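1. What would the 3D arrangement of this be:
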Amino acid sequence: MEALFKTLLILHIAAGTLALVAGPLSMINKKGGKQHSRTGKLFFYAMMLVSGTAISMAVLPAHHSLFLLIIGVFSAYLVSSGYRVLYLKGLARGQKAPLLDWVISLTMAAFAAFFIYLGLSGILSGSGSSSSTVSVVFGSIALALAAKDVRKYTKAPADKNFWLYDHITRMIAGNIAAFTAFLVVNNTLLPPLVAWLGPTVIGTAIISFFITKYKQKARRKATAETVIVKITASN
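-> Down below sits the predicted model:
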């Protein structure tokens, strides 16, 4: 069992290191370009290996870890849903979400409810630590994202660019998860709660920056198209 754990740990560290490099590179590369696609796929596969090894280590009898379970499940959901949304652009035009996407979202919803329950149980019993608060925070975020998935699966999104905003949000959130894990494991200076939630605060600001940037770009494009149509009609 220890040999298996050590093997999983080596794979986990190697994949995590790759994800920590590929993720930021993908963010700074031009969106839609070949380099963005390549580094994005590298980040995706690295994070899926990180998640798989984390979950496997978390459930080993001698190594139970709520930390690894939360990070593993949440990371797998973020990057898989962020990647899959690229194939769901047609939802705004009546496309139906495949079973795979329903499974991903509903599985996350179930785990999110479990994380919230564990966190609240610890807090209400008075025995909770910072991990209980973290469990509630991450569980709540995951549940909100899964609920958003279900809404777009059952009702066509009004904004045709919804997939872009979801892709940006989920993939950057995957980066947040990777940096959170790295910081928590290696932290020797910061309070545990800061190490856990600090990357989320910073990452949320980055997500807001990119979403605002692309929404403004979409509005300018729509305005330009409207002007062209009016000029054409007047002639």
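2. quick one, what contacts the residue lying closest to Ala218 once chain neighbours are set aside?
-> Sequence neighbours aside, Asn161 is the residue nearest to Ala218 in space, at 5.5 Å (criterion: C-beta to C-beta, 6 or more residues apart in numbering). For glycine as for every other residue, the C-beta is placed from the backbone atoms N, C-alpha and C. Counting by C-beta atoms under 8 Å, 6 or more residues apart in numbering, Asn161 touches Tyr214, Lys215, Ala218.
3. which helix of this protein spans the most residues?
-> Assignment by DSSP state H gives helix 192-234 as the longest helix of the chain.
4. Show me what that one packs onto, helices and strands only.
-> helix 130-154, helix 162-186 (3 or more C-beta pairs under 8 Å, 6 or more residues apart in numbering; DSSP states H and E).
5. Switch those helices over to JSON lines; also include mean neighbour count.
-> Formatted as JSON lines, those follow (neighbours: other C-beta atoms under 10 Å):
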{"stretch": "helix 130-154", "mean neighbour count": "18"}
{"stretch": "helix 162-186", "mean neighbour count": "21"}
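6. Switch those helices over to JSON lines; also include distance to Asn29 and mean pLDDT.
-> Converted to JSON lines, the helices and strands packed on helix 192-234 look like this (distance: least, C-beta to C-beta, whole Å; pLDDT from 0 to 100):
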{"stretch": "helix 130-154", "distance to Asn29": "24", "mean pLDDT": "90"}
{"stretch": "helix 162-186", "distance to Asn29": "12", "mean pLDDT": "91"}
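7. Any chance of a markdown table for these, columns distance to Thr226?
-> Below are these laid out as a markdown table (distance: least, C-beta to C-beta, whole Å):
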| stretch | distance to Thr226 |
| --- | --- |
| helix 130-154 | 26 |
| helix 162-186 | 21 |
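8. quick one: Leu86 and Ala54, what's the gap?
-> 24 Å (C-beta to C-beta, to the nearest Å).
9. Neighbour count for those two, which is higher?
-> Ranked by neighbour count (other C-beta atoms under 10 Å), Leu86 and Ala54 place Ala54 first, with 28 against 13.
10. Run through the residues that contact the residue positioned nearest the centre of the chain.
-> The residue lying closest to the centre of the chain (C-alpha atoms, centre = their mean) is Leu78, at 2.8 Å. Taking C-beta under 8 Å, 6+ apart, we find Leu78 in contact with Leu145, Arg170, Met171, Ala173, Gly174, Ala177.
11. can you pull the contacts of the first one?
-> Right, the one you point to is Leu145. Per C-beta under 8 Å, 6+ apart, neighbours of Leu145: Tyr77, Leu78, Ser81, Met108, Arg170.
12. of all the residues you listed, which comes closest to Val136?
-> Met108 (15.7 Å; C-beta to C-beta).
13. any idea how far stretch 145-155 is from the chain center?
-> 15 Å (C-alpha atoms, centre = their mean, to the nearest Å).
14. should've said stretch 16-31
-> For stretch 16-31, the distance from its own C-alpha centre to the chain's C-alpha centre is 14 Å (C-alpha atoms, centre = their mean).
15. repeat for stretch 176-187
-> Per C-alpha atoms, centre = their mean, the centroid offset for stretch 176-187 relative to its chain is 14 Å.
16. ok, residues contacting that stretch?
-> 16, 19-20, 23, 47, 50, 54, 67, 71, 74-75, 78, 190, 192, 195-196, 198-200, 202-204.
17. Give me the below-cutoff pLDDT ranges for the chain.
-> For the chain, the stretches with pLDDT under 70 are 127-130, 225, 227-230, 232-235.
18. if I look at Lys34, how far off is Ile202?
-> Taking C-beta to C-beta, one finds Lys34 at 28 Å from Ile202.
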